[in-house]
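# starting from these lines, generate the structure:
(one chain, ligands or ions: 1)
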Amino acid sequence: MAVFDDIIGHENPKAFFSGIQATQRIASGFQLHGDSGRGKLLFAQAFVQRLFCADGTGCGQCPACIRYRAGSHGDIEIVHLVDGKTRISIEQLRNLREWFHRAPYEADRRCAIINDAHLMTEEAQNSLLKLLEEPPAHGILILVTENPQGLLDTIHSRLQAVYFGPLTEADVAKIVRGQVEASEEEIRRAASLANGSPGQALNLVGDETSAMIQEAAERLFDLKTLPFGYSEMVSGGRTTGADARAKVNRILEVAMNLVSQQIEVTVNDDGRKPPIPALAPWPVEVLGEAQELLMDAVGAIRSNTSPRSVVESLKIRMHRIIGRARRAQKSVGGGR
Ligand SMILES: [Zn+2]
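Numbering: from 1, shown residues only. Prediction:
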């Protein structure tokens, strides 16, 4: 478990919560939001540990820290999605409300974290709302979510929202380096594809299929390699059902990240990120079209269209985009 002061990046949230702890004027509800894999839950847990710690640092040595790390602190509760379920239920929230209204057991306050808060059912959210409307004086509630739109407006308005932006590639690489054994090249590649999310980078690193996923994504942008078949795209693993869907989804996401990176390079041109060779000659408006096309394909995969038909239709549309990129290059080259 991370110690608050050792958290890498997220300078704004760190300053915000340090300030709150220093003044001891702690609001009753917070919402931590930002893309998945950015470390919001770890951050919330580190803050809570610090809040209950005897010397206010999250020392790891005092009785409160020891009980917290063992998962047995009587005044701290974490609500998660129950294994095998897709939503956080009203029963979970009812239990939480009851727990909150009881007096603190060993500290002077009680604190709960609701992870993946957007997965609460509407009934669960209404139950939470009652808690937020009449918060017990000793209670602090922290909602962690990658999709704040999934929460009722009436909940938003009662929470202080804190945004967790993307980490820099250097920070992502530093976190990955601290957690897994991998070559420097592999770590850098994962960090550059992870969209500022250490969680995503950790998924990419050490995975022997990740190099293949990257290669498959790059092949989408080249006329010579584009006409590969669907089976070729998903080969190297089982090619049916959920595996194929997940694999195509990852290839498309990596392809989208490559296009984003090239758009950034083209627009900023400050040499901070390397260009993507296959995409470097493309004009920015064609890159934009490619991005939209890939987004549509990801949407289709997620809404259960068969991966095979998504890939086949993507190939046809990608052909047209590459043609457009080439014509634009020629007209620039010919001075017309
Ligand atoms: Zn402590």
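# from here on, just use CA atoms for contacts and neighbour counts.
Fine.
# distance-wise, check L167 relative to the ion.
Going from L167 to the ion by Cα to the ion, to the nearest Å gives 28 Å.
# could you confirm that residue falls within a strand?
No - counting by DSSP: H, G, I helix; E, B strand; the rest coil, L167 is not found in a strand; it is coil.
# could you number the chain from 15 rather than 1 from now on?
In the new count, where the first residue is 15, that last one comes out as L181.
# what's the closest non-adjacent residue to it?
Counting by Cα to Cα, 6 or more residues apart in numbering, L181 lies nearest to G210, which is 4.4 Å off, once chain neighbours are set aside.
# all strands of this structure, in order?
Under the criterion DSSP state E, strands of the chain are mapped to 43-47, 90-93, 124-128, 153-159, 174-177.
# which among those strands is found nearest to S317?
strand 153-159 (21.4 Å; Cα to Cα).
# what does that closest one rub up against?
40-48, 54-55, 58, 114, 123-132 (Cα atoms under 8 Å, 6 or more residues apart in numbering).
# relative to the whole chain's centre, how far out is that strand?
Per Cα atoms, centre = their mean, to the nearest Å, the displacement of strand 153-159 from the mean C-alpha position of its chain is 18 Å.
# same check, this time on stretch 66-85
28 Å.
# and that stretch, what's buried?
Buried positions in stretch 66-85, judged by neighbour count with 16 or more other Cα atoms under 10 Å: F66, C67, A68, T71, G72, C73, G74, A78, C79, I80, R81, Y82.
# before we move on, what about stretch 134-144?
M134, T135, E136, A138, Q139, N140, S141, L142, L143.
# with mean neighbour count added, can I get the strands of the chain in a markdown table?
Output for the strands of the chain, formatted as a markdown table (neighbours: other Cα atoms under 10 Å):
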| stretch | mean neighbour count |
| --- | --- |
| strand 43-47 | 22 |
| strand 90-93 | 18 |
| strand 124-128 | 23 |
| strand 153-159 | 23 |
| strand 174-177 | 16 |
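# which stretch among these approaches the ion most closely?
strand 90-93 (14.1 Å; Cα to the ion).
# so what's the most centrally placed residue in the chain closest to, chain neighbours aside?
Central residue of the chain (Cα atoms, centre = their mean): S50, 1.7 Å from the mean position. Spatially, and ignoring its direct neighbours in sequence, S50 is nearest to E160 (5.6 Å; Cα to Cα, 6+ apart).
# show me what contacts the residue in the stretch 215-350 of the chain that the ion sits nearest to?
Nearest residue of the stretch 215-350 of the chain to the ion (Cα to the ion) works out as L216 at 28.8 Å. Applying Cα under 8 Å, 6+ apart, we find L216 in contact with V190, V194, A204.
# next: F66.
G72, A78, C79, A121.
# out of these, which sit inside helices?
Using DSSP state H, the subset of the contacts of F66 located in helices is A78, C79.
# report the lowest-confidence entry in the contacts of F66.
pLDDT across the contacts of F66 is lowest for A121, at 88.
# check the gap between that one and the ion for me.
In terms of Cα to the ion, A121 sits 13 Å off from the ion.
# please apply the same query to H132.
From H132 to the ion the distance is 31 Å (Cα to the ion).
# nearest spatial neighbour of that residue, chain-adjacent residues omitted?
G164 (4.8 Å).
# so what's the residue count around that neighbour?
Counted by other Cα atoms under 10 Å, the residues lying close to G164 total 15.
# please tell me I have it right and it contacts L133.
Yes - here G164 reaches L133: they are 7.5 Å apart, a contact under Cα atoms under 8 Å.
# same question for stretch 94-109, mean pLDDT?
Mean predicted confidence for stretch 94-109 is 90.
# enumerate the residues of this structure near the ion.
C67, G72, C73, G74, C76, C79 (Cα under 5 Å from the ion).
# mind redoing it with 8 Å?
63-64, 66-80 (Cα under 8 Å from the ion).
# list the buried residues for stretch 258-268?
Here stretch 258-268 shows A258, R259, K261, V262, N263, R264, I265, L266, E267, V268 as buried, counting by 16+ other Cα under 10 Å.
# what residues does it touch?
207, 227-228, 230-231, 247-248, 252, 308, 311-312, 315, 320-321, 325.
# remind me which residues of the protein are low pLDDT?
Applying pLDDT under 70 to the chain flags residues 15, 220-224, 240-243, 245-246, 248-256, 346-350.
# tell me which stretches of it form helices.
Under DSSP H, the chain gives helices at 25-37, 54-66, 77-83, 104-115, 136-147, 167-170, 183-193, 198-207, 212-218, 224-233, 244-248, 255-282, 298-316, 321-347.
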